[in-house]
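Provided below for reference: sequence and predicted model.
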Amino acid sequence: MKQYKYLLSEKDMPTQWYNILADMKNPPPPYLHPATLNLMTPDDLASVFPTGCVAQETSRERFIDIPEEVQDIFRMYRPTPLIRAHRWEKALDTPAKIYYKWEGASPTGSHKLNTAIAQAYYAKQEGLTGFATETGAGQWGCALSLAGSYFGLKIKVFMVAVSYRQKPYRRVMMETWGGEVVPSPSAETHAGRAMLEQDPDTPGSLGMAISDALEYAMTHDGYKYSLGSVVNFVLLHQTIIGLETMKQLEMAGDSPDIVIGCAGGGSNAAGLIYPFMRHKLTGETPNLRAIFVESTACPSMTRGTYAYDWGDTAKTGPVTKMHTVGHGFVPAPVHAGGLRYHGIAPTISSLLNDGMAEARAYHQNAAFEATLSFSNAEGTILAPETAHAVRAAYDEALACKEAGESKVIVFNASGHGHFDLAAYDAYHRRALDDYELEEAKLAAALEGLPNVK
Ligand SMILES: *Cc1c(COP(=O)(O)O)cnc(C)c1O
């Protein structure tokens, strides 16, 4: 009898996160202050993020305990299933074994709740009253709104204007969980007003919304800023995904040849990949391939520069060394596939630079084509972001068929696509453009990088 689902019991849920900084040959260099470009002290960082998270940001401890109260909430939806895609393997006629980790099982529908709960816990510990944050399509705003509700925190969400106007349902979800949502750029902040003055009809961008949220947090008592991706502590919180997957693959008697995740800022991909990367870094699994997949519409890893850049458009947030297409980058509004952040996590950048991981980019139509083949075999309709990881798994499975190799492929199914059906509709109507960032636009966006010696 074929086994599809590998399920861990609640008592087998990992009780520690894995910190890749303990094993990296070249940990990323420290953050710089946005105004002075001097080294940012922990105190500087603690004026932005909860102090519990700041301690984790630079920790070199290999394993960090997950607080009991966080574990307790996790157990409402974790461990999430690892599923063998038997029917998709058959549809692709591949000898490869394909597994996917199902993070869409969380109440908000994606992996983002994993770090939202942890951050809300540390905020509450510290006596904060609320968080300000940004959201693109709304997954992060939903996750933080629910986490705020669990811990009694106020959540102010600056939502990228084009999404605010075109995607009402996630806004309604955020409001249902008590979040307060405004479009970004916002007239409530100096940064937002300045951006609106420049272009009143701007579709907004994640970089602009981060500026709004940072300023709001700095100017409201009891508030700090919460970030849903990119920084070390967020990726740390997501490693529960890969730690569970390791136990589940053990149950299945398999070990992965290829691990895959889609990457906006990099958190879900790192969450799956880093616990496996640990053994590649220590030389135990030198042949493991780790693939981070982005969108051709926002190609930070495949066409960006590895350099210091601001994390936000108004240059108010920490300056980090990462692969970037420039903090002034505004993604094409026609692009429906998500993964729009201008940079990528500093740890992923360093691993790419060291040749420990691979990056690739897909057009959205290619991503949708693969994820439709997945959905018709397996059932689940995945988020457009996730579809990029699916495309990579699809291509690797077909390469296995070509080579007659039975590799074990694992990808992170980061979330469901139930609120992204407009993008699916556009795909069905052949109305999705394969947008490729123009060379001139990229060069212009890169001109604004800070001059760091
Ligand atoms: C936000 C999101 C992503 C991209 O963010 P990462 O930090 O790169 O993981 C991918 N998939 C889903 C479902 C998301 O909600």
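Now that the structure is in, tell me what you want to look at. Since we're looking at a predicted model, the values are computed, not measured.

Flag every residue of this protein that's near the ligand.
Selection of the chain residues close to the ligand by CB under 6 Å from any ligand atom yields 110, 112, 139-140, 229, 262-269, 339, 383, 385-386, 414-415. The way it works is simple: take the backbone N, C-alpha and C, and place the C-beta from them, glycine included.

count of neighbours near the residue in the stretch 1-150 of the chain positioned nearest to the ligand?
Nearest residue of the stretch 1-150 of the chain to the ligand: residue 139, at 3.4 Å (CB to the nearest ligand atom). Residues lying near residue 139 (other CB atoms under 10 Å) number 26.

List the beta-bridge partners for the residue in the stretch 351-453 of the chain that the ligand sits nearest to.
Here the stretch 351-453 of the chain gets closest to the ligand at one residue, residue 415, 2.7 Å apart by CB to the nearest ligand atom. Beta-bridge partners recorded for residue 415 (DSSP bridges): residue 110.

you'd agree it is up against residue 381?
No. Residue 415 lies out of contact with residue 381 (CB atoms under 8 Å); the separation is 10.4 Å.

Show me which of those two is the more surrounded one.
Legend: neighbour count by other CB under 10 Å for residue 415 and residue 381, higher for residue 415 (29 against 18).

Show me the residues of the chain next to the ligand that map onto helices.
Among the residues of the chain next to the ligand, the subset assigned to helices under DSSP state H consists of 139, 140, 267, 268, 269, 385, 386.

For these, which single residue is the most surrounded?
The most crowded member of these, judged by other CB under 10 Å, is residue 269 (35 neighbours).

show me the contacts for that residue.
By CB atoms under 8 Å, 6 or more residues apart in numbering, the residues touching residue 269 are 260, 261, 262, 263, 292, 293, 348, 389, 412.

Could you check which helix or strand contains the closest residue to the first one other than its chain neighbours?
I take that to be residue 260. What sits nearest to residue 260 in space, not counting adjacent residues and going by CB to CB, 6 or more residues apart in numbering, is residue 411, at 4.0 Å. Per DSSP states H and E, residue 411 falls inside strand 408-413.

what lines up beside that strand in the sheet?
The pairing partners recorded for strand 408-413 under DSSP bridges are strand 97-102 (parallel), strand 258-262 (parallel).

And the next helix or strand past it?
As assigned by DSSP H and E, the chain's next helix or strand after strand 408-413 is helix 421-428.

now that next one, how far from the centre of its chain.
Chain-centre distance of helix 421-428: 22 Å, with CA atoms, centre = their mean, to the nearest Å.

Just the residues contacting it, thanks.
By CB under 8 Å, 6+ apart, the residues outside helix 421-428 that reach it are 166, 167, 336, 337, 364, 365, 368, 372, 381, 384, 417, 432.

Restrict those to the buried ones and give me that as a ChimeraX selection.
Selecting only the buried entries of these in ChimeraX, with 16 or more other CB atoms under 10 Å as the criterion:
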select :167,336,337,364,368,372,381,384,417,432
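
List the contacts of the residue of the stretch 1-150 of the chain closest to the ligand.
Neighbouring residues of residue 139 by CB under 8 Å, 6+ apart: 108, 109, 110, 112, 170, 383, 415.

Can you add pLDDT and give those residues back as a markdown table?
Putting these into a markdown table (pLDDT from 0 to 100) gives the following:
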| residue | pLDDT |
| --- | --- |
| 108 | 98 |
| 109 | 98 |
| 110 | 98 |
| 112 | 98 |
| 170 | 95 |
| 383 | 97 |
| 415 | 98 |
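
In the stretch 151-300 of the chain, where is pLDDT below threshold?
Applying pLDDT under 70 to the stretch 151-300 of the chain flags no residue at all.

hey, where'd the helices end up in it?
Secondary structure of the stretch 151-300 of the chain, counting by DSSP state H, counting those that start in this stretch: helices at 161-166, 168-176, 190-198, 206-218, 232-238, 240-252, 267-281, 300-303.

so residue 61 touches residue 22, yeah?
Yes. Using CB under 8 Å, residue 61 is in contact with residue 22, at 6.5 Å.

How far off centre is stretch 418-430?
Here stretch 418-430 is found 21 Å from its chain centre; the criterion is CA atoms, centre = their mean.

Helix, strand, or coil at residue 436?
Using DSSP: H, G, I helix; E, B strand; the rest coil, the three-state assignment for residue 436 comes out as coil.

Excluding sequence neighbours, find me the nearest residue to it.
In space, residue 436 is closest to residue 296, 5.4 Å off (CB to CB, 6+ apart).

The one you found and the ligand, how far apart?
16 Å (CB to the nearest ligand atom, to the nearest Å).

mind listing what that residue touches?
Contacts of residue 296 (CB under 8 Å, 6+ apart): 361, 362, 363, 364, 434, 435, 436, 437.

can you check residue 154 too?
Applying CB under 8 Å, 6+ apart, we find residue 154 in contact with 129, 130, 131, 148, 178, 180, 223.

mind checking pLDDT for the second one?
The predicted local distance difference test score for residue 130 is 98.

try residue 93
Taking residue 93 on its own, its pLDDT is 98.

what's the closest non-adjacent residue to it?
Counting by CB to CB, 6+ apart, the residue nearest residue 93 is residue 401, at 6.2 Å.

And stretch 171-186, what's buried?
When burial is assessed from 16+ other CB under 10 Å, stretch 171-186 yields the following buried residues: 171, 173, 174, 177, 179, 181, 182, 183, 184, 185, 186.

just stretch 370-387 next, same as before
Going by neighbour count (16+ other CB under 10 Å), the buried part of stretch 370-387 is 370-375, 378, 380-387.

Including distance to residue 190, could the contacts of residue 154 go into TSV?
As requested, the contacts of residue 154 are arranged in TSV below (distance: CB to CB, whole Å):
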residue	distance to residue 190
129	22
130	20
131	20
148	25
178	27
180	19
223	16
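
Can I have the buried ones of these as a PyMOL selection?
Selection of buried members from these for PyMOL, criterion 16+ other CB under 10 Å:
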select buried, resi 130+131+148+223
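
which one of the contacts of residue 154 is nearest residue 49?
Nearest to residue 49 among those, counting by CB to CB, is residue 131 at 10.0 Å.

now the contacts of residue 139 as TSV including distance to residue 279?
Shown next, in TSV, are the contacts of residue 139 (distance: CB to CB, whole Å):
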residue	distance to residue 279
108	31
109	31
110	27
112	26
170	37
383	29
415	27
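
is the residue lying closest to residue 165 once chain neighbours are set aside in a bridge, and if so with what?
Of all residues not flanking residue 165 in the chain, residue 183 sits nearest, at 7.2 Å (CB to CB, 6+ apart). Here residue 183 sits in beta bridges with residue 159, going by DSSP bridges.
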